[in-house]
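1. got a predicted structure plus its sequence, pasted below:
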Amino acid sequence: MANQFGAALGALAFPAIGPVGVVAVRQVVTAAVLLPVARPPFRRYRRAQWLPILGLALVFSVMNLSLYASVERIGLGLAVTLEFLGPLAVALLGSRRLVDLACALLAAAGVVVLTHPGPSSDLTGIALGLVAATAWAMYILLNRTLGRRLPGIEGAAAASAVAAAAWAPIAIVWFLAHPPTPVALLLAAACGLLSSIVPYVIDLLALRHLSAGVFGILTSTSPVWAALVGRIVLGERLLPGEWVGVGIIVLSSALITMIPPSVTPPGTPR
């Protein structure tokens, strides 16, 4: 819920600073909060730590920028629903059950219903949502790896510092060309707190105890919350067919959770 509300606040700043400005502020705010708390010892890191840190920093940027650019074009509810395909794919790829294949096909049908592709469809916005989905799937896997190799939120703090350093020159150039208003900066900062700090901490702690697949399933209500927040905060309205598409995608995730895996008898080859 916090993630979707934060994204909605960021969207309110789009007219003044655009998605690039919101992402830049979000990265800086995230690093400013996490670094003093975690105090990552950068000089002690070896290749095994640096690779996922750099990967996560890149994923942060791609995931946030593609999502917000998608939100700007097709709305919060649709963009977040498409992004949700990332964790759903992680959950499905982690299983070999026939029922999960059926759920994958059901989710694909939901995407078709949701986006109703045609001449009037915003294909760029849809594509950006799918890029965000891919980045979110990578985020789950990388964050889980860092959770095993570094204590606490140290990995997320280190990755946020790298991302902020990369975005700092971009922010300077962007804000010189697009002078921000105080309100826009406050909205973007609030977006960083609600959409980065809270989820990063919760995700990292959860992924220490849950498999990537189970974690993906637990996010199944994200599209519904996004649609509701988009309606309340941004005044967006989903068409009946779009609600059906959201419902189908959420249902495909819920089915995976409700149907228990088959039990392999002792001594049966796997």
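-> Thanks, I have it. Residues are numbered from 1 along each chain as shown.

2. going on from the lowest-mean-pLDDT helix or strand in the chain, what's the next piece of helix or strand?
-> Least confident helix or strand, the chain: helix 212-218 with a mean of 59, by mean pLDDT, DSSP states H and E. The first helix or strand that comes after helix 212-218 along the chain, using DSSP states H and E, is helix 222-233.

3. what separates the helix or strand following that next one from the chain centre, distance-wise?
-> Per DSSP H and E, the first helix or strand lying C-terminal to helix 222-233 is helix 240-258. Taking C-alpha atoms, centre = their mean, to the nearest Å, one finds the center of helix 240-258 at 18 Å from the center of the full chain.

4. now stretch 165-182
-> 23 Å.

5. I153 is in contact with P36, isn't it?
-> No. When contacts are counted by C-beta atoms under 8 Å, I153 is not listed as touching P36 (11.6 Å). (Glycine included, C-beta is placed from N, CA and C.)

6. report how many residues lie close to the residue lying closest to T221 once chain neighbours are set aside.
-> Spatial nearest neighbour of T221, chain neighbours left out: V250 (7.0 Å); criterion: C-beta to C-beta, 6 or more residues apart in numbering. Other residues lying near V250 total 20 when counted by other C-beta atoms under 10 Å.

7. ok, now the one 4 residues further on?
-> By the other C-beta under 10 Å criterion, the neighbourhood of A254 contains 15 residues.

8. give me the pLDDT for L234.
-> Predicted confidence (pLDDT) at L234: the value is 93.

9. and what of the one 3 residues further on?
-> For R237, the model assigns a pLDDT of 88.

10. who has more neighbours, I153 and P36?
-> Set side by side, I153 and P36 show more neighbours around I153, with 21 against 9, by other C-beta under 10 Å.

11. if I look at the more buried one, how far off is G55?
-> 17 Å (C-beta to C-beta, to the nearest Å).

12. can you check V113 too?
-> Taken as C-beta to C-beta, the span from V113 to G55 is 34 Å.

13. same check on A7?
-> In terms of C-beta to C-beta, A7 sits 23 Å off from G55.
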